[in-house]
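K.L.:
From the sequence below, what's the structure:
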Amino acid sequence: MESVSQYCYRIFQQAIDDYHIRDDVNAAMECNYDDNALDALLYKKSWIDTVQWHLEDLIRDPAIDSRHALDIKRRIDALNQKRTDLVEQVDDYFQNLYSQVVPRPNATHNTESLGWAIDRLSILSLKEFHIRIELSRADASVEHIGNCQARKQILDAQRKDLLVSINRLNQDIRSGRKINKVYRQLKMYNDPSFNPVLYKSREQQT
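P.N.:
Numbering: from 1, shown residues only. Next up is the predicted model:
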């Protein structure tokens, strides 16, 4: 039976592979999962992470036009908010799934939720994909390949540990050893009601 972490990892790999068929930050996402199902949330999150990854590459072009760079930065900010929203929806899924679990008297909180642990697995999947690309470069130096091989070993270890840790956290929540509590990010800079630059600008226009 597929574990929770392996299930998430498989969907992340699928989304990353699907994106790189066209390898275009403007390509439309085609998610074939039911809209609000967990697999759809995971797929959408991984697609957003992948687009953001490539936008971060583009914005670091030394020759980039400043206006184009600003457009990319604003797009990254918007995608980051969507990513946060999706992680919180993943947390909501598990909160609902385990809503009937009664925590044990000695149950403790975890430093991060299942959703944010799974988020780290998504980013790690991207790093693995791009390390494989770097290792296959015909024009890469011996030094670069050696550096990539060292990084790959670290990523392999991180993946193994993270897969185990996510499964253990899931089992601890399911058995009542951990309290599944969702902490909202409550980001303020994208909200015109909280960002003083935005609401002062709006006041000046009225």
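
K.L.:
what's the helix or strand where Q13 lies in contact with?
P.N.:
Element membership of Q13 [criterion: DSSP states H and E] is helix 4-22. For helix 4-22, contacts defined as Cβ atoms under 8 Å, 6 or more residues apart in numbering pick out 2, 27, 30, 39, 42-43, 46-47, 50-51, 118, 121-122, 125-126, 129, 159, 162-164, 166-167, 170. C-beta: built from backbone N, CA, C; applies to glycine.

K.L.:
how does it look with 7 Å?
P.N.:
39, 42-43, 46-47, 50, 118, 121-122, 125-126, 129, 163, 166-167, 170 (Cβ atoms under 7 Å, 6 or more residues apart in numbering).

K.L.:
In space, what's closest to the most centrally placed residue in the chain - neighbours in sequence excluded?
P.N.:
By Cα atoms, centre = their mean, the chain has its centre lying nearest to D119, at 4.1 Å. Excluding its sequence neighbours, the residue lying closest to D119 (Cβ to Cβ, 6 or more residues apart in numbering) is V87, at 4.9 Å.

K.L.:
Whichever strand or helix holds the one you found to helix 4-22, inter-axis angle?
P.N.:
For V87, the host element (DSSP H and E) is helix 66-97. Orientation check (axes from the mean of the first three to the mean of the last three Cα atoms, to 10 degrees): helix 66-97 against helix 4-22 gives 150 degrees.

K.L.:
how far out from the middle of the chain is the helix or strand that comes right after helix 66-97?
P.N.:
The helix or strand immediately downstream of helix 66-97 is helix 114-135, counting by DSSP H and E. Counting by Cα atoms, centre = their mean, to the nearest Å, helix 114-135 is centred 8 Å from the centre of its parent chain.
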